[in-house]
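**Student:** fold the stuff below for me.
(chains A and B)
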Amino acid sequence: MSLLSVRDLTLKIGATEILHGVSLDVAAGEIVAVTGESGSGKSMTALATMGLLPAGARASGHIRLGGTDLLTLSERDLCQFRGQAMGMVFQEPMTALNPVQRIGDQVAETLRLRGTPRAEAEARSADTLARMGLHPERIPPSRYPHELSGGQRQRVGIAMALALRPRLLIADEPTTALDVTTQAKILDLLTRIVREDDLGLLLITHDLAVVHGRADRLAVMNKGRVVETGPTARVFAEMAHPYTRALFAASRHRATLGERRTYGPLLEVRGLRQDYPLPRPHPFAKARSQTALRGIDLDIRKGERVGLVGESGCGKSTLTRAILGLEAPAKGIVTLDGARVRADRRDPALRRKMQVVFQDPYASFNPRHPVARLVAEPLHLLGPVEDRAERVAEALTSVGLDPADAHKSIHAFSGGQRQRIAIARALVTRPELVIFDEAVSALDVRVRAGILDLIAGLSRSAGLAYLFISHDLSVVRGICDRIVVMQEGEIVEDRPAEDLFAAPEHPHTRALLEAAPVLPDSAGRAKEETTCD
Amino acid sequence: MIRRLVPGAVLSALFVLAALVSYVWTPGDVTGVDIASKLQPPSPEHWLGTDHLGRDLLAMLMVGARTSIAVALVAVGIGMAAGVPLGLAAAAMRGTLLDEVIMRGNDLVFAFPSLVIAILITAIAGPGAVNAIVAIGIFNIPVFARLTRGAALALWERDFIMAARVAGKGAPRISAEHILPNVTNLLIVQGTIQFSLGILAEAALSYVGLGAQPPVPSWGRMLAEAQTLTAIAPHVALMPGLAIVLMVLGLNLLGDGLRDVLDPRLRDLRT
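**Tutor:** A predicted model of the protein is given here:
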């Protein structure tokens, strides 16, 4: 008999049906992964189970936890179940914790709510934290969330979910906001707890590679339905549903890059150093600073495709801003095509040659302007342009969009389409170098595959040089000729892509490669399908 | 949302309408003295009654609304015209000396009790509506400068501003094209609130005799003149008092309602 049994769960928000008869089971000691793209209903399934649905949502069907149908319970009875019988771990460990409360108190609070005496609650809280790998001698419970790293915060989040020893743990994208090396550790921790405590774990994730090798069983969701479910190994081997095949194919999709053709130097970075002042503890304290870049040397040739990989805080963004001339470095110089890039001087001729595409397709545009105006923004660098409309149309066509859409508002477009518009904006001045700053990290796998194909195609047809920045080695693989690995403000490895993947030299590169979850090579390969967004 | 917006808008519109109508018609003369009909209670002839000089109170209130609204509106205009560019400039030059100078200047103005300075200004320059406008307007500047800077600072970190910088646009152009349109909603809401504070400030200045001078009617002075008569004819004090309360209430409701409607974050919360 399973611990959690969801049967024919149907969910309506207003008149729209979000989930259509979802059924799944989680047994004690079992990890069940629910995967799918954004909007597939995987998070809604988790929230419905926790009874945390948004206002106006109505659920029907059955959600049985150890024999009790949760959908029939009142909010008051549900409160007893939450925490006690089931716990939840959220995606963003920073926002899931109260910033002004000590971590020990936050874990103890869930216990105190159930009437545990203070002293006992504190002792159990400290025990739970220690079990999550936050040992009191190194990370005492008196710390505040902002004093912890992302991975440590997520450990606190798990401790909070587990403090009352629930039988079911629901983790909604618990490692999506974390670096790969941290992700591996958190996944190890979750797996260990499930096995040791005989917990049931419902793991919601968009990443098929995370599922592989972790989950006992897998449910693939699409548009509010479970399209395929079964033991993970079997689902990977059979891939009975076309959607599963498409997801899998997109996850391991490699763009066709074409031959490396470079001609002449383009970007030269020499001895780049950047420090940021830290707040002083008191007005008479000595000024302190944090070093973000410690002497970076980097070259990109015309037509060359370079990947830049590193974990959060390694200095990728600082380097990007310095290259783009958005921020003056403390030391060192950046030259583009022989001309010095300076933050304090405007040089339209130089600016035109260098553009950028950002990570978040929703934050990259002024929400008040139509697409034509958004795409045309960099055009003023060229002085008066007569064929403005044609240029915009050309840029939109080159990214696979209809020029007739130029008058539309940005709200009319999906995330993937927005990212295409961002690329169109970067291309409109016909630049020589485009920086893709985590440009595909926020996208669903199938959309990501489409954008990667687009970028590779642009490089093939226009000889575009780019710097592709990502925290994820598997993404830059296949889209770059050369890969640069950064750690703590330094470049630790800079080699042709295939060499680097075949035989990584630096320990950090090896750690990144080993930590990255991988998909099985054999499965589903024969049935690979074309993808698009 | 509509719960606040509609009554707020109706109340505010009522007063604006009354002020506009007073230019073409008033129920009585506001300058003529008619001692015979002094201190009459509300009647069909004088809807709100008359004051100690026999002037029709409704007419006085209608014409007084003109003064209140004009003073408050121009004062908000001064505050916005000076404060918004200052705030935009401070945000664009964040962390520099200019930012410091602007913001510390703001602090300086903030640190003075506004009414005392307004009294000082009118004491030096002489009482009158224009000086009241200047005095109230000056104290609106730091309000708008701070609000604009705060909102603009957050915007400057957004990707689309980065994109505009990469597109080679300078700070003045980015401020005008991207920052300003995205802070207008906030400014409209704050403007309504400052407008209501302006009405209060004008009433206070007139009350102490430093606002609009006789014979121009003003709500504050009506209150002051009625003060000694509260025992005999309470309605004479009550009417201007109510007018001030309702106008300020209406504007505050309007401001809250507008914020609910215009703020996209709150809009998302509701849907």
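
**Student:** contacting residues around residue 93?
**Tutor:** All of this refers to chain A. Taking CB atoms under 8 Å, 6 or more residues apart in numbering or on different chains, we find A:P93 in contact with A:150, A:153-154, A:156-157, A:177-178. C-beta: built from backbone N, CA, C; applies to glycine.

**Student:** I was thinking of chain B, sorry if that wasn't clear
**Tutor:** B:99, B:171.

**Student:** B:P172 now?
**Tutor:** So B:P172 contacts B:A92 (CB under 8 Å, 6+ apart).

**Student:** how much space between it and B:A89?
**Tutor:** 9 Å (CB to CB, to the nearest Å).

**Student:** do A:T318 as well
**Tutor:** On the measure of CB to CB, A:T318 and B:A89 end up 26 Å apart.

**Student:** now the stretch 1-150 of chain B against chain A: closest residue?
**Tutor:** Nearest residue of the stretch 1-150 of chain B to chain A, counting by CB to the nearest CB: B:G95, 10.0 Å away.

**Student:** just the helices in the stretch 1-150 of chain B please.
**Tutor:** Counting by DSSP state H, counting those that start in this stretch, the stretch 1-150 of chain B has helices at residues B:2-21, B:57-92, B:97-111, B:114-125, B:129-156.

**Student:** which strands and helices lie in contact with the fourth one?
**Tutor:** Using 3 or more CB pairs under 8 Å, 6 or more residues apart in numbering or on different chains; DSSP states H and E, the elements in contact with helix B:114-125 are helix B:129-156, helix B:180-207.

**Student:** got the angle between the next helix or strand after the last one and helix B:57-92?
**Tutor:** Beyond helix B:180-207 in the direction of the C-terminus, DSSP states H and E gives the next helix or strand as helix B:219-226. Here the directions of helix B:219-226 and helix B:57-92 differ by 140 degrees (axes from the mean of the first three to the mean of the last three CA atoms, to 10 degrees).

**Student:** counting by contacts, list what the helix or strand following helix B:219-226 packs against.
**Tutor:** The first helix or strand that comes after helix B:219-226 along the chain, using DSSP H and E, is helix B:234-262. Judged by 3+ CB pairs under 8 Å, 6+ apart, helix B:234-262 is in contact with helix B:2-21, helix B:57-92, helix B:180-207, helix B:219-226, helix B:264-270.

**Student:** now do the buried residues in stretch B:49-66.
**Tutor:** Applying a neighbour-count criterion of 16 or more other CB atoms under 10 Å in any protein chain shown, the buried positions in stretch B:49-66 are B:49-52, B:54-66.

**Student:** actually stretch B:34-52, sorry about that
**Tutor:** For stretch B:34-52, by 16+ other CB under 10 Å, it's B:37-40, B:46, B:48-52.

**Student:** what of stretch A:360-367?
**Tutor:** Under the neighbour-count criterion of 16+ other CB under 10 Å, stretch A:360-367 has A:360-361, A:363-366 buried.

**Student:** from these, which are also near chain B?
**Tutor:** A:360, A:363-366 (CB under 8 Å from any CB of the partner chain).

**Student:** low-confidence ranges in the chain?
**Tutor:** The chain I'm using is chain A. A:1, A:521-533 (pLDDT under 70).

**Student:** wait, chain B
**Tutor:** Scanning chain B for pLDDT under 70 picks out B:1-2, B:263-271.

**Student:** list the contacts of the closest residue to chain B within the stretch 151-300 of chain A.
**Tutor:** When scored by CB to the nearest CB, the stretch 151-300 of chain A has A:P277 as its residue closest to chain B, at 10.0 Å. Residues in contact with A:P277, defined by CB under 8 Å, 6+ apart, are A:287-289.
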